[in-house]
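> Compute the structure for the input listed below.
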Amino acid sequence: MTTALDWATAVTTNVTGKVLRGGVADLRPMPRVLVDKGRMRSVYRFTPGRAPVSGDPVLLVPPLAAPALCFDLRRGCSLAEHLVDGGRSLYLVDYGTVSFADRRLGLEHWIDDVLPHAVRAASADAGGRPVHVVAWCLGGIMSLLTAADRADLPIASVVSVAAPFDMTAIPLIAPFKPLTDLTDSWILTPAYRLLGGAPRALVKRAFQLSAIDKMITKPYAILAHLHDADFLAQLEAVDRFADNMIAYPGRTFGQIYHRFFRANDLAEGEFDLDGRRISLSNATVPVLVVAGESDSIAPRRAVGHLVDLLHNAPEVVFEVCPGGHLGVLAGRAARTTTWRHIDAFLDRHNPR
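Sure, this is the predicted structure:
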């Protein structure tokens, strides 16, 4: 039972930490070493943790525009830390920053180059073993398109967290679609072409606006939880995540906007890319699909639609877990929900 003295002591400690040390969160990244590098591609191997490393390698795949620290948000709430401490052989692909010079890069650069090289690098570094991919948001879309397109890659399974495959099921988009159809995109298209993509400041603002209710109530939430170091640490980590958003390359942004959102191509399970058609029905690996209960960017129905598209996957598991778009992957509740489902799935397909 928490006494008034305990509460006051905790508040004093947390306020002191925020004022004198700049915060209460442990934001140290998990140790890692570079094992492969290319354009928009740095592949890292995480240093082993307390448990002996065993089993096939696991590759973490972030989306575009979001920093790779989504998988390593903070100590105590880091999926990377959790997997390393569980004895996984863990790798991460980081795309780095995007500049105006990258404006002509399209999704084909990631599906044809970045992800295949990352998978092969992780496999080779782990002694030629097959790779289990764990991806978030657009990273899940790109990973599944890559697995469907490249049967020769040593991909053993895919975990896709908060990746939408039916854009009509996203309430945030619905109000804008009539406008884009009416204008035939003559407003937005010239803008992103002129800017070379979607600037990082715009990406950050869009992420924040997706949880506008939390932004408004944030000061009150901080005051109500001054005694809760874990709560305050999570807010600090999410703020750092938002501050490190990355721009979208122009061509990639155009493909996502026109093909994913306007035409909703992914809902049919097929996607035209660089002169060829990729069908998700060609994916023949086990897949875990995870949706967030309160995700406004990738709602349950938009994410769950993927289950109906993986006709030839030997196993497709669909789970709904607490959290919004980032929270379902790296929120405090994810530690006992999403991460446990990932553990169970990997244990089933990656015995050690």
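
> From here on, just use CA atoms for contacts and neighbour counts.
Noted.

> Point out where the stretch 51-200 of the chain drops to low pLDDT.
Low-confidence segments of the stretch 51-200 of the chain (pLDDT under 70): 172-200.

> please redo it, this time with the cut-off set to 50
Along the stretch 51-200 of the chain, segments meeting pLDDT under 50 span 174-179, 182-183, 186-187, 191-192, 194-197.

> Show me the strands in it, by range?
Here the stretch 51-200 of the chain has its strands, by DSSP state E, counting those that start in this stretch, at 57-61, 89-94, 131-136, 155-161, 197-198.

> Pairing partners for the third one, with directions?
Put plainly, it is strand 131-136. strand 57-61 (parallel), strand 155-161 (parallel) (DSSP bridges).

> Would you tell me which one of these is buried the most?
strand 57-61 (a mean of 28; mean count of other Cα atoms under 10 Å).

> Pipe the strands paired with strand 131-136 into a markdown table and attach distance to residue 33 per row.
Output for the strands paired with strand 131-136, formatted as a markdown table (distance: least, Cα to Cα, whole Å):
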| stretch | distance to residue 33 |
| --- | --- |
| strand 57-61 | 14 |
| strand 155-161 | 22 |
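
> For residue 50, give me its contacts.
Residue 50 makes contact with 85, 87, according to Cα atoms under 8 Å, 6 or more residues apart in numbering.

> Might one say that residue 135 is in contact with residue 157?
No: applying Cα atoms under 8 Å as the test, residue 135 and residue 157 come out as separate, 10.9 Å apart.

> for residue 106, what are its contacts?
Residues near residue 106 by Cα under 8 Å, 6+ apart: 249-253, 255.

> Give the buried residues for the strand or helix carrying residue 278.
Applying DSSP states H and E as the criterion places residue 278 in strand 276-279. Neighbour counts over strand 276-279 (16 or more other Cα atoms under 10 Å) mark 278-279 as buried.

> Neighbouring strands - and their directions - for that strand?
Counting by DSSP bridges, strand 276-279 is paired with strand 270-273 (antiparallel).

> same question for the partner strand, mean pLDDT?
When pLDDT is averaged along strand 270-273, the result is 91.

> Alpha carbons of that strand, in PDB - could you do that?
Provided in PDB are the C-alpha atoms of strand 270-273 (Å, rounded to 0.1, in the frame of the first residue of the first chain):
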ATOM      1  CA  GLU A 270      -1.400  -7.000 -55.400                       C
ATOM      2  CA  PHE A 271       1.000  -4.200 -56.100                       C
ATOM      3  CA  ASP A 272       2.600  -3.000 -59.300                       C
ATOM      4  CA  LEU A 273       6.200  -2.100 -58.800                       C
END
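
> How about that strand, which residues are buried there?
Neighbour-count burial for strand 270-273 flags 270-271 (criterion: 16+ other Cα under 10 Å).

> what do you get for stretch 343-352?
With the criterion 16+ other Cα under 10 Å, stretch 343-352 contains buried residues 345-346, 350.

> hmm, back to that, mind exporting the strand holding residue 278 as PDB, just the C-alpha atoms?
Backbone C-alpha positions of strand 276-279 (Å, rounded to 0.1, in the frame of the first residue of the first chain) are rendered in PDB as follows:
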ATOM      1  CA  ARG A 276       6.100  -6.200 -62.400                       C
ATOM      2  CA  ARG A 277       3.200  -7.200 -60.200                       C
ATOM      3  CA  ILE A 278       3.700  -8.500 -56.700                       C
ATOM      4  CA  SER A 279       1.000 -10.700 -55.100                       C
END
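
> Just after it, pick out the following helix or strand.
Immediately after strand 276-279, counting by DSSP H and E, sits strand 287-292.

> Moving C-terminal from that next one, which element do we reach first?
With elements assigned by DSSP H and E, the helix or strand that comes after strand 287-292 is helix 300-304.

> The helix or strand just after that next one pairs with which strands?
Downstream of helix 300-304, the next assigned helix or strand under DSSP H and E is strand 316-321. Here strand 316-321 has these sheet partners by DSSP bridges: strand 287-292 (parallel).

> Isn't residue 42 up against residue 97?
No: using Cα under 8 Å, residue 42 is not in contact with residue 97, being 11.1 Å away.

> I'd like the distance between residue 328 and residue 272.
Computed with Cα to Cα, to the nearest Å, the distance linking residue 328 and residue 272 is 30 Å.

> so what's the residue with the shortest distance to the centre of the chain up against?
The centre of the chain sits closest to residue 136, judged by Cα atoms, centre = their mean, with a distance of 2.7 Å. Neighbour list for residue 136: 61-63, 160-163, 329 [criterion: Cα under 8 Å, 6+ apart].
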